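**Q** Sharing a model prediction with you, sequence too.
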Amino acid sequence: MNVPYLQSILPIRGTKVMLDVDLAKLYDVETKNLNLAVKRNIERFPGDFMFQLTSKEFANLRFQFETSRWGGRRYPPYAFTEQGIAMLSSVLRSKRAVQVNVEIMRSFVKLRELLTSNSKLARKLEALEKKYDKQFKLVFDAIRALMTPAETRKRPIGFREWEEE
């Protein structure tokens, strides 16, 4: 299976989730059928396993991915947490569902490892900053800029006046 699972994991409400539409593609079922299977077994999906996006969250998501207002679904998608995705294997009983669940769980583990290693690196950098004097401030600032996620490093569009130092 050559599917970029990691790119389908989104941070929503401070939790890493996957949307029903992405999961349906991975499981090779229609989104409608995936949601029907979940609704038939709703007791297996408490709020910390699955939730429906609010209209505002859905609008922000559509804006973020630049999807059309007129095409596609008209109601907010369901978001599944790691536990909810694991529970899907008991609802969708195909061999493909089992294989996809294993790969998705590996992706969540890999994502956790990446986040953990980045926070460890940040702590080590802080310790080094305290240890060394101001002459290395420029180096530390450059390293910190590289560690910052891309969306927070975007520069404003347009021209700016030249500033002399």
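**A** Noted; the coordinates are in hand.

**Q** Which stretches in the chain count as helices?
**A** For the chain, the helices defined by DSSP state H occupy 5-8, 20-27, 31-40, 55-64, 82-91, 95-131, 137-147.

**Q** Quickly, which of the ones you listed bottoms out on average pLDDT?
**A** If you rank the helices of the chain by mean pLDDT, helix 137-147 sits at the bottom with a mean of 66.

**Q** Among the helices of the chain, show me which one is buried the most.
**A** For the helices of the chain, average neighbour numbers computed from mean count of other C-beta atoms under 10 Å are highest in helix 20-27, which has a mean of 21. Every C-beta, even on glycine, is put in place using the N, C-alpha and C of the backbone.

**Q** what's that helix in contact with?
**A** Taking contacts as C-beta atoms under 8 Å, 6 or more residues apart in numbering, the residues outside helix 20-27 that touch it are 3, 5, 8, 30-31, 33-35, 38, 73, 77-80, 85, 88, 92, 94, 96-97, 100, 104.

**Q** and the angle for that helix with helix 95-131?
**A** Compare the direction of helix 20-27 with that of helix 95-131 by axes from the mean of the first three to the mean of the last three C-alpha atoms, to 10 degrees and you get 120 degrees.

**Q** Backbone torsions only: list them for the residue nearest to residue 16 when sequence neighbours are not counted.
**A** Distances taken as C-beta to C-beta, 6 or more residues apart in numbering put residue 9 closest to residue 16, at 5.2 Å, once the chain neighbours are dropped. With angles defined as degrees, to the nearest 10, residue 9 shows backbone torsions of phi -90, psi 120.
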